[in-house]
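Engineer: Have a look at this prediction, sequence included:
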Amino acid sequence: MIIRAEWPGYVVDVLVSQGQEVEEDEALVLLEGTDSGHTPFYSNAPEAGRVKRIIVEEGDFVEEDDELVEVTDSD
């Protein structure tokens with residue numbers, strides 16, 4: 001599954017690495033919103049799995065619905 005940005009913003013930190021096992025609701029990427037308060041928000045794993053691919057890196061700007069991380073089943 002591909003985890004996508006819910007809102008536009010800047011990637012502040014990628015909290016996982018390729019191959020890492022993640023739990024349901026675990027934070028994967030920290031972003032900073034483009035609103036006047038620069039509100040931080042996390043993109044979380046919707047279910048447990050393994051990080052297959054990290055698509056963004058710190059400093060990137062993402063639009064709403066841009067791909068961030070790909071997570072696969074952890075078998």
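Structural biologist: Sure thing, it's come through.

Engineer: Sketch out the low-pLDDT regions of the protein for me.
Structural biologist: For the chain, residues meeting the criterion pLDDT under 70 lie at 75.

Engineer: Strands of that one, residue ranges please.
Structural biologist: In the chain, the strands defined using DSSP state E lie at 2-4, 9-14, 21-22, 27-33, 40-44, 49-54, 61-62, 67-72.

Engineer: Take these and write them to CSV, including mean neighbour count.
Structural biologist: The way it works is simple: take the backbone N, C-alpha and C, and place the C-beta from them, glycine included. As requested, the strands of the chain are exported to CSV (neighbours: other Cβ atoms under 10 Å):
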stretch, mean neighbour count
strand 2-4, 15
strand 9-14, 18
strand 21-22, 16
strand 27-33, 19
strand 40-44, 16
strand 49-54, 16
strand 61-62, 18
strand 67-72, 18
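
Engineer: What's the separation between the closest residue to Glu26 other than its chain neighbours and Leu30?
Structural biologist: Spatial nearest neighbour of Glu26, chain neighbours left out: Ala45 (4.9 Å); criterion: Cβ to Cβ, 6 or more residues apart in numbering. Distance, Ala45 to Leu30, using Cβ to Cβ, to the nearest Å: 14 Å.

Engineer: do the same with Val11
Structural biologist: Distance, Val11 to Leu30, by Cβ to Cβ: 8 Å.

Engineer: And for Asp13?
Structural biologist: Distance, Asp13 to Leu30, by Cβ to Cβ: 4 Å.

Engineer: cool, Glu57 as well?
Structural biologist: Going from Glu57 to Leu30 by Cβ to Cβ gives 12 Å.

Engineer: what is in contact with those two at once?
Structural biologist: Val11 (Cβ atoms under 8 Å, 6 or more residues apart in numbering).
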